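K.L.:
below is the sequence, then the predicted model.
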Amino acid sequence: EVQLVESGGGLVQAGGSLRLSCAASGFTFDDYTIGWFRQAPGKEREGVSCINNRDRSTYYADSVKGRFTISTDNAKNTVYLQMNSLKPEDTAVYYCARRVGASYDSWGQGTQVTVSS
């Protein structure tokens, strides 16, 4: 069974940092791209970043470029999202997901990130 479990969310002041983790199980981790998404209340889900666990290529949304860093630890089957210089507009539920082809087929339960001004 494919499982993705996010952790690391919380409440932080603007300008602060958080590191999210996405622990994966039930599939060959190295063969997949893992993405981070977020959804704020009343807004559509937004793709934040993704990483290919084989070649370590990455993507960042313009809104987080230069502030967020995605990384992967293949030995631990875990993808991290280091978030620095957080802004109130980064407040959202953050999800990780596994990409298959052009779509994402498995999702975690999400972790809440709240940035106070």
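P.N.:
Ah, there it is. Numbers count the residues shown, from 1 in each chain.

K.L.:
state the distance from the most centrally placed residue in the chain to A102.
P.N.:
Nearest to the centroid of the C-alpha atoms of the chain, with distances taken as CA atoms, centre = their mean, sits W36, at 2.9 Å. W36 sits 17 Å away from A102 when distances are taken as CB to CB, to the nearest Å. Every C-beta, even on glycine, is put in place using the N, C-alpha and C of the backbone.

K.L.:
distance between the host helix or strand of Q82 and the chain's centre?
P.N.:
Assessed by DSSP states H and E, Q82 sits inside strand 78-83. Relative to the centre of its chain, strand 78-83 is centred 6 Å away, using CA atoms, centre = their mean, to the nearest Å.

K.L.:
average pLDDT for it?
P.N.:
Averaged across strand 78-83, pLDDT comes to 98.

K.L.:
other residues contacting it?
P.N.:
17-24, 34, 36, 48-49, 51, 53, 64, 67-73, 90, 94, 96, 113 (CB atoms under 8 Å, 6 or more residues apart in numbering).

K.L.:
partners of the next helix or strand after that strand in the sheet?
P.N.:
Downstream of strand 78-83, the next assigned helix or strand under DSSP H and E is strand 92-100. Strands that pair with strand 92-100, judged by DSSP bridges, come out as strand 33-39 (antiparallel), strand 103-107 (antiparallel), strand 111-116 (antiparallel).

K.L.:
what residues of the shortest one count as buried?
P.N.:
For strand 103-107, a neighbour-count test (16 or more other CB atoms under 10 Å) marks 104, 106 as buried.

K.L.:
one step back: quick one: contacts for the residue nearest to the centre of the chain?
P.N.:
20, 22, 47-50, 70, 79, 81, 94-96.

K.L.:
buried subset of these, written for PyMOL?
P.N.:
Buried subset of the contacts of W36, written as a PyMOL selection, criterion 16+ other CB under 10 Å:
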select buried, resi 20+22+48+49+50+70+79+81+94+95+96
